[in-house]
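Peer 1: return atomic coordinates for the entry below.
(chains A and B)
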Protein chains: 2
Amino acid sequence: MENTKLQNEIANKQKSKPSTLIFKLPPHIIGRYVIVGTKESQGPFKNYFKHPIVEKDFIKLTYEQAECKILEETIFNAIHNAKLTLSDIDVLVSGDLLNQITSSSFAARKFDTSFIGLYGACSTMAESLAIGSCLLDGGYFKRVACSTSSHFATAERQYRAPLELGTPRTPTSQWTVTATACSVLSASGNGPIITSATFGKVTDFGIADPNNMGVAMAPAAMTTLVAHLANTHTKPEDYDLILTGDLGKLGSDVFVDLMEQEGYKLGQNYSDGGHMMFDINQKTNQGGSGCGCGASLLNSYVLDKINDGKYKKVLFMATGALLNSLTSQQGETIPCIAHSLVIEKGD
Amino acid sequence: MENTKLQNEIANKQKSKPSTLIFKLPPHIIGRYVIVGTKESQGPFKNYFKHPIVEKDFIKLTYEQAECKILEETIFNAIHNAKLTLSDIDVLVSGDLLNQITSSSFAARKFDTSFIGLYGACSTMAESLAIGSCLLDGGYFKRVACSTSSHFATAERQYRAPLELGTPRTPTSQWTVTATACSVLSASGNGPIITSATFGKVTDFGIADPNNMGVAMAPAAMTTLVAHLANTHTKPEDYDLILTGDLGKLGSDVFVDLMEQEGYKLGQNYSDGGHMMFDINQKTNQGGSGCGCGASLLNSYVLDKINDGKYKKVLFMATGALLNSLTSQQGETIPCIAHSLVIEKGD
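Peer 2: Just a heads-up that it's a prediction; the model follows:
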């Protein structure tokens, strides 16, 4: 078929919104664990991040080996936190930022269980929880571990430049968070429950600057949130918290504007994980980013607040910029995606 | 938790086999399309590969842009082959070999539908069909497009060396197939049906040579096939065809030996996509590899034979080597995986 025919059909296609999956038997989050880097453990969430990395454990490892080791320990401890043993886990669903998601695949060697590898850039935690929820709600498995990781030093040298070069950071840049997170989902339990999920669509608004990913991702976040609210007949004020993954300060400002153009006014209950992660003295420009950013906040602060009864209903939406360093060099724009989940206090 | 505790628990854990999912409402493959490179179109399957690439269409594109463009056209044509329009597709499930699966993510921009990005290296077609089947059988979506791609020139320069260097190929190497494939799955229809799936586990037998991936993957293939046969109470001879993804000549010989050690004798009904893809004059050493290798054979030759009634029950198992070029440089061994599916003639 000629490519012009494809172009015509795409031009004529009515724009559709992604559908939202409502879980009949909402999976319970029965265990979780987070490890963060030193910088993250000194930021605004220091009281919620209970497991900072022990730097001396990583002296002889490469950055990539360190990221993998932290992820292994996180998955293992999340399983223990769920009061389970390794044999109780039916499948591990994981992805990360490294080429060929090697942190996840290499960590998976330790767990002797079925493995589903994902790539959704910084949207991975939401993608893995959404797939894990389908696999449980659909009756295919009983217990699923969903995990992700990111690491400042591995991401910088893969996507931008080795840290040793001391390359200046642009004003719109974000700081890749060193953090790993794992949630253990179960068909039964008494933890917080995942009640619905929306798999976003790939959206590209023509931004080509790989140092401005928050703004690049804002339209994808808007598309998914508008769909999720419309599909579930809810309004932003129906949620105690709407948390986007890592749009950063500038990206979340753009996202709020885009939502307003669509007729939705986001209020005090809206926050962005990237914007929240560091304080201004930590000099991260627009804030944090990376798979571990939203994932670590979800699995510490947010789920703590749900367990405490402060939050009853949270919409978590992780966003991802689906570029690689070669596509930027070839002048391509940045396709982005956002997946959302609703997490509620279980019975 | 100390790492020694993790090591102890792993050492003491009873080895388990992956479980097999049996679909209650087996999804139908209602549309499919394959595009192959020039070399592939001149090999043993030339009569089944009806859509070789038109080289002149790609003159001004980079190799990566070319791979993405072929994948777009493949997905589009598979949807048309299913007699559907773009709006009928609920979700695209896709992955590929490129860093950050950019062929899939960039192609997804064109389809204005929910997107689930996967990474399973050369196991991707089986992974995407298995996830797509869960999403349909579980009642979450009505129509899912599952796709993958690989390209000789993009893979060579990313994983090994740019072609322009003319680097010699080792005797154990395989030739990354230039091919894209897409299957459209539907909850109803009259195409071949996917009746069961096994998500494999990550297996690493200590092979570190990135030019010997067929042998590295053979133990993962053995693990998954033994689990699938045991879980479904079937024997190898119950299948008209057992097709592994791309172990190549040497890898599939090792796989046959490993299966024999486990008590299963594979006969004439066993073939490997990598071994079959090229003839000996095409000088590919151990044969083909890449996501597109098994995927293109499945979506042409195999499904043709099922539709013709020659095959009634096929076990398709795609295998993946989960390394990247940096892990090889850091001296790591190669974790591998295999996912399997049973495809049968529908009613």
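
Peer 1: could you use CA atoms for every contact and neighbour count after this?
Peer 2: OK.

Peer 1: look up the closest residue to residue A:71, ignoring the ones flanking it.
Peer 2: residue A:180 (5.7 Å; CA to CA, 6 or more residues apart in numbering or on different chains).

Peer 1: which other helices and strands contact the helix or strand encompassing the one you found?
Peer 2: Assigned by DSSP states H and E, residue A:180 belongs to strand A:179-186. On a contact count with 3 or more CA pairs under 8 Å, 6 or more residues apart in numbering or on different chains; DSSP states H and E, strand A:179-186 meets strand A:28-36, helix A:63-81, helix A:124-137, strand A:143-150, helix A:291-297.

Peer 1: could you check the angle that strand makes with helix A:63-81?
Peer 2: 30 degrees (axes from the mean of the first three to the mean of the last three CA atoms, to 10 degrees).

Peer 1: need the residues that contact strand A:179-186.
Peer 2: Applying CA atoms under 8 Å, 6 or more residues apart in numbering or on different chains, the external contacts of strand A:179-186 come out as A:27-37, A:40, A:70-71, A:74-75, A:78-79, A:82, A:129, A:132-133, A:136, A:142-151, A:292-293, A:295-296, A:299.

Peer 1: next one: stretch A:261-279
Peer 2: Under CA under 8 Å, 6+ apart, the answer for stretch A:261-279 is A:40, A:43-45, A:174, A:226, A:235-237, A:239-249, A:252, A:256, A:259-260, A:284, A:286-289, A:293-294, A:297.

Peer 1: the closest residue to residue A:146 other than its chain neighbours pairs with what?
Peer 2: Nearest residue to residue A:146, sequence neighbours excluded (CA to CA, 6+ apart): residue A:93, at 4.9 Å. As for beta bridges, residue A:93 partners with residue A:116, residue A:146 under DSSP bridges.

Peer 1: list the contacts of residue A:93.
Peer 2: Residue A:93 touches A:115-118, A:128, A:131-132, A:144-147, counting by CA under 8 Å, 6+ apart.

Peer 1: partner strands of the strand holding residue A:180, parallel or antiparallel?
Peer 2: Those paired with strand A:179-186 in the sheet (DSSP bridges) are strand A:28-36 (antiparallel), strand A:143-150 (antiparallel).

Peer 1: got the buried residues for stretch A:87-99?
Peer 2: For stretch A:87-99, a neighbour-count test (16 or more other CA atoms under 10 Å in any protein chain shown) marks A:89-99 as buried.

Peer 1: narrow these to those in strands?
Peer 2: A:91-96 (DSSP state E).

Peer 1: residue A:60 - how many residues pack around it?
Peer 2: As a burial measure, residue A:60 scores 9 neighbours (other CA atoms under 10 Å in any protein chain shown).

Peer 1: now residue A:44: how far from residue A:278?
Peer 2: Computed with CA to CA, to the nearest Å, the distance linking residue A:44 and residue A:278 is 6 Å.

Peer 1: so which of these two has more stuff around it?
Peer 2: The neighbour comparison of residue A:44 against residue A:278 (other CA under 10 Å) goes to residue A:278, with 24 against 14.

Peer 1: is stretch A:205-224 anywhere near chain B?
Peer 2: No - with CA under 8 Å from any CA of the partner chain as the criterion, chain B is not reached by stretch A:205-224; the gap is at least 9.5 Å.

Peer 1: and residue A:104, what does it touch?
Peer 2: A:68, A:71, A:94-96, A:117, A:148-149.

Peer 1: shouldn't it be within a strand?
Peer 2: No - under DSSP: H, G, I helix; E, B strand; the rest coil, residue A:104 sits outside any strand and is assigned helix.

Peer 1: what sits closest to residue A:101 if chain neighbours are left out?
Peer 2: residue A:95 (5.7 Å).

Peer 1: test my guess that the one you found contacts residue A:123.
Peer 2: No - counting by CA atoms under 8 Å, residue A:95 does not reach residue A:123; the two are 9.7 Å apart.

Peer 1: of all the helices and strands packed on strand A:179-186, which lies closest to residue A:345?
Peer 2: Taking CA to CA, strand A:28-36 is the member of these nearest to residue A:345, at 9.5 Å.

Peer 1: which residues does the helix or strand just after the closest one contact?
Peer 2: From strand A:28-36 onward toward the C-terminus, using DSSP H and E, the following helix or strand is helix A:38-41. By CA under 8 Å, 6+ apart, the list of residues contacting helix A:38-41 from outside reads A:46, A:49, A:52-53, A:177-179, A:277-278.

Peer 1: residues of helix A:38-41 that come out buried?
Peer 2: Neighbour-count burial for helix A:38-41 [16+ other CA under 10 Å]: A:38, A:40-41.

Peer 1: tabulate those (TSV), appending pLDDT.
Peer 2: Converted to TSV, the buried residues of helix A:38-41 look like this (pLDDT from 0 to 100):
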residue	pLDDT
A:38	97
A:40	97
A:41	97
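
Peer 1: what does the stretch 101-250 of chain A put close to chain B?
Peer 2: Counting by CA under 8 Å from any CA, the stretch 101-250 of chain A sits next to chain B at A:101-102, A:105-106, A:108-121, A:127, A:134-135, A:137-140, A:199-204.

Peer 1: buried ones among these?
Peer 2: Of these, these count as buried by 16+ other CA under 10 Å: A:101-102, A:105-106, A:108-121, A:127, A:134-135, A:137-138, A:140, A:199-204.

Peer 1: contacts only, for whichever residue of the stretch 151-300 of chain A sits closest to chain B.
Peer 2: Closest approach between the stretch 151-300 of chain A and chain B, counting by CA to the nearest CA: residue A:201, at 4.2 Å. Neighbouring residues of residue A:201 by CA under 8 Å, 6+ apart: A:18, A:220, A:223-224, A:337-338, B:108-109, B:112-115.

Peer 1: distance check, the closest residue to it other than its chain neighbours against residue A:203.
Peer 2: Distances taken as CA to CA, 6+ apart place residue B:114 nearest to residue A:201, at 4.2 Å, with adjacent residues excluded. Distance of residue B:114 to residue A:203, computed by CA to CA: 10 Å.

Peer 1: thank you kindly, that will do.
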